[in-house]
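Student: Sequence and predicted structure are below.
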Amino acid sequence: MPIRNTHRRVCRGDIDRRAFLVASGIGIAGLCEPPAGVASPEALPAKPATAKSTIMIWLNGGPSHIDLWDMKPDAPREIRGDFQTVSTSAPGISLCEHLPHLAQKTHHLALVRSLGQHGRGPNDHHPGFFYNLTGHPPGESFPNTRLALADDWPFVGSVVAHKLPAHPSLPSLVWLPTKSGENGVHRPGAIAARLGVQHDPLYVEGKHASPLDFRSPALTLEGDVTVERLQSRHKLLELISDAERDLERSASVRNYSLHQRKTLSMLASQGSKAAFDVSREPESVRRKYGDSVNAMSMLMARRLVEAGVPFVTVYWYHDYEEDKKRGCLGGAWDTHWKNFSCLKDYLLPQFDQPFAALLDDLHTRDLLDQTLVVVTSEMGRSPKLGDPRSGGSGAAEPGRDHWTHCQTALLAGGGIRGGQVFGSSDKIGAYPAERPVGPEHIVHTIYHAMGIHDLETIDNQNRPYNLLSEGSPLVELF
C-alpha cells in the first residue's frame, strides 16, 4: 500500500503531554483514527521461537559500515580510510580495530552486510528512519522534513506490543534515554500511529550530566501528590467520566483510558518502578558498562528484559555540546565532519564497551537465548571519503556523506546463530552484492524471533489488513 504523503501532522506533542497526566483530569477527544488497511497475504507457518524480548539499539545518524563492521582493507585509500581491521572471537570475521571489546564477543553476532534500501526512498535521514523502523519503503517523494503521521505504518516495537500479551505490571514497550525528535514531535516510523496511542512506547528520559538519573512522567509523582491522593483523584475522575459515556465510545478515548489505567498501576507499584532504577545494580556491574547515559541505558535494557518487558529501544543520545567541542557537527553517528576522529576518539569507545558488556551480561545470566538484540540505523555512510559539506576530498579531516544504499545490521541472541555473516556488499561497500535484503527482512526477522507470524489486524472499521506484507524473515540466521 503506498504511503499517503499528506501534510496533516499528528499533534504528537499534545498526545505525549496528555498520555501520562492521569491525575490532571485532562481528557482527549477527536484523536486521529487509523485509516483503512490493505489486503492480507497468507500468514507464515508458525515455528518455534526462543526470544521473549527484543532490545533494539538505534545508532541514529547512520554509522559508517565501511569503517566499523564491513571494512574493505584492499580498497583504495579514498575508500578504505584510516582504520585497520582486527581479528575477532569469530573465525573469519574482522571488525574495526577500535572495537576491541566487541571483537571479543563477535561469536555472539550475526552481521547482515547486504542490507540496503534499493532506491525505494530518498538518500536521507527521515526516509531511512521510516523504512528501517517499520519495514515499509517510504517512496521517492518522502521529504526529509516529514515527521510522524497518525496514519503511518507502525513502529516494529509497537507491533510487538500489539501482538503479544501485555506485561502484568510493566509497559510492553519502553524507549530510552531520549525521544526520536525534539519539542514533542517524533521522527517518522517511531510511533504506533495507526495501531493507536495505547501501543506507543513509554519514554524514559536520561541525562548526560547524571547518567543514573532516569525519569519518566509515568513513573514520577510531583510535589505533595501521594499514591493515595492520586488514587482518590482517579476515583473522582471515574465518577465524572460517567457523564461522558458517549465520548467514551470513541476508540481513541478507550485507548487513552488503557494508558491511564496502566500508568496508575505503575505509579502505585514500587516493584514496577524498581526495574527502571539502575542505581540498584552493583557498582562493579555499572563500571563494566561504563559511565555514560547510553551505557546506563543498555544496562537498564538488560534489567527490563530480565523483568519481562517485550521490547526495549535504546535510542543513541548524543551530546550536542560535546559534538560541537569535537567538531562532530553532523550529530551522533552522522559523520559529515571529521569521520575518523569522531569515531575513534568519541563514538566508538562510547558504544564498544557497553554493547560488549550487554552481550556478555545477557549471556552470563542465561538471558541471551531469550533476548534478541538488534543494532541498526537509518543508513550507512558513503564509500568515498570527502563529504562536500565538510571540505570534500581535500579536507584535513574528511567526512562521509549519507548512504542509504548499503548498511550493516547486527543481530545476536533470540535463537540467532552467532559468529556468522549474512550476505555481502560489493568491493567498495557501495551496494549489496550477495543475498541483498531490505529493512522489511530485518523487521520480519524480529517478528519471527518473537514468535509473531500472524501479522493480520483490523482497522477502525473492523476491516482486516496485514501489518507487513513485503519481505520475509531471514530464517537462515537461526
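Tutor: Arrived safely, thanks for sending.
Student: where are the low-confidence patches of the stretch 251-400 of the chain?
Tutor: When residues are selected by pLDDT under 70, those of the stretch 251-400 of the chain lie in 251-271.
Student: where along it do the helices fall?
Tutor: Under the criterion DSSP state H, counting those that start in this stretch, helices of the stretch 251-400 of the chain are mapped to 251-268, 270-274, 283-289, 293-306, 320-326, 339-342, 348-364.
Student: Mean neighbour count, those helices: which tops it?
Tutor: Mean neighbours per residue, mean count of other C-beta atoms under 10 Å, is largest over these for helix 293-306, with a mean of 24. From N, CA and C alone the C-beta is placed, and that goes for glycine too.
Student: That one: how far from the chain's middle?
Tutor: On the basis of C-alpha atoms, centre = their mean, to the nearest Å, helix 293-306 sits 13 Å off its chain's mean C-alpha point.
Student: Can I get stretch 136-150 in CSV, CA atoms only?
Tutor: The C-alpha trace of stretch 136-150 is given here as CSV (Å, rounded to 0.1, in the frame of the first residue of the first chain):
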residue,chain,number,x,y,z
HIS,A,136,7.7,-0.2,4.8
PRO,A,137,9.5,1.7,1.9
PRO,A,138,9.0,5.5,2.1
GLY,A,139,8.7,6.2,-1.6
GLU,A,140,10.7,8.6,-3.7
SER,A,141,8.7,11.7,-2.7
PHE,A,142,9.3,11.3,1.1
PRO,A,143,10.7,14.6,2.3
ASN,A,144,13.4,14.8,5.0
THR,A,145,11.3,17.3,6.9
ARG,A,146,8.5,14.8,7.2
LEU,A,147,7.6,13.8,10.8
ALA,A,148,5.3,11.1,12.2
LEU,A,149,1.7,11.0,11.0
ALA,A,150,-1.3,9.4,12.7
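Student: still on that earlier bit, so can I have a markdown table of the helices of the stretch 251-400 of the chain showing distance to Gln198?
Tutor: A markdown table is the format used below for these (distance: least, C-beta to C-beta, whole Å):
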| stretch | distance to Gln198 |
| --- | --- |
| helix 251-268 | 4 |
| helix 270-274 | 18 |
| helix 283-289 | 32 |
| helix 293-306 | 19 |
| helix 320-326 | 33 |
| helix 339-342 | 39 |
| helix 348-364 | 29 |
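Student: Quick one, which of those helices gets closest to Val197.
Tutor: For the helices of the stretch 251-400 of the chain, distance to Val197 was read as C-beta to C-beta. The smallest value, 5.5 Å, belongs to helix 251-268.
Student: So which residues lie in contact with stretch 417-426, not counting its own?
Tutor: Contact with stretch 417-426 is made by 65, 70, 89-93, 106-115, 406, 412, 431-437, 474, 476-478, as judged by C-beta atoms under 8 Å, 6 or more residues apart in numbering.
Student: now it: mean pLDDT?
Tutor: Stretch 417-426 comes out with an average pLDDT of 98.
Student: re earlier: just so I know, which of the helices of the stretch 251-400 of the chain lies nearest Gly386?
Tutor: helix 339-342 (9.8 Å).
Student: At which residues are the strands of this structure located?
Tutor: Assigned by DSSP state E, the chain shows strands spanning 53-58, 85-87, 94-96, 109-115, 173-176, 202-203, 311-315, 371-376, 380-381, 402-403, 407-412, 420-422, 456-458, 464-466.
Student: In terms of mean pLDDT, which of those strands ranks lowest?
Tutor: strand 202-203 (a mean of 92).
Student: Please name every helix or strand in contact with that strand.
Tutor: In terms of contacts (3 or more C-beta pairs under 8 Å, 6 or more residues apart in numbering; DSSP states H and E), strand 202-203 is packed against strand 173-176.
Student: Name the residues of the strand it packs on that come out as buried.
Tutor: Neighbour-count burial for strand 173-176, with 16 or more other C-beta atoms under 10 Å as criterion, is recorded at 173-176.
Student: Can you spell out which helices and strands pack onto that strand?
Tutor: Other helices and strands packing on strand 173-176, by 3+ C-beta pairs under 8 Å, 6+ apart, are helix 156-163, strand 202-203, helix 293-306, strand 311-315.
Student: Double-check Cys406 against His118; I have them as touching.
Tutor: No: between Cys406 and His118 there is no contact under C-beta atoms under 8 Å: 9.7 Å.
Student: okay, and the common contacts of the two?
Tutor: Shared contacts of Cys406 and His118, defined by C-beta under 8 Å, 6+ apart, comprise Pro432.
Student: Tell me which of the strands of the chain lies nearest to Asn183.
Tutor: Across those, Asn183 has its closest neighbour in strand 202-203 (13.7 Å, C-beta to C-beta).
Student: Direction included, what does that closest one pair up with?
Tutor: strand 173-176 (parallel) (DSSP bridges).
Student: Can you tell me the closest non-neighbouring residue to Phe311?
Tutor: Once flanking residues are discounted, Phe311 sits nearest to Gly157: 4.0 Å by C-beta to C-beta, 6 or more residues apart in numbering.
Student: Surely that neighbour touches Val309?
Tutor: No: checked against C-beta under 8 Å, the pair Gly157 and Val309 is beyond contact range at 10.5 Å.
Student: of the two, who's got more company?
Tutor: A count of neighbours by other C-beta atoms under 10 Å puts Gly157 above the other of Gly157 and Val309, at 26 against 23.
Student: Against Ser53, how distant is that one?
Tutor: In this view, Gly157 and Ser53 are 11 Å apart by C-beta to C-beta, to the nearest Å.
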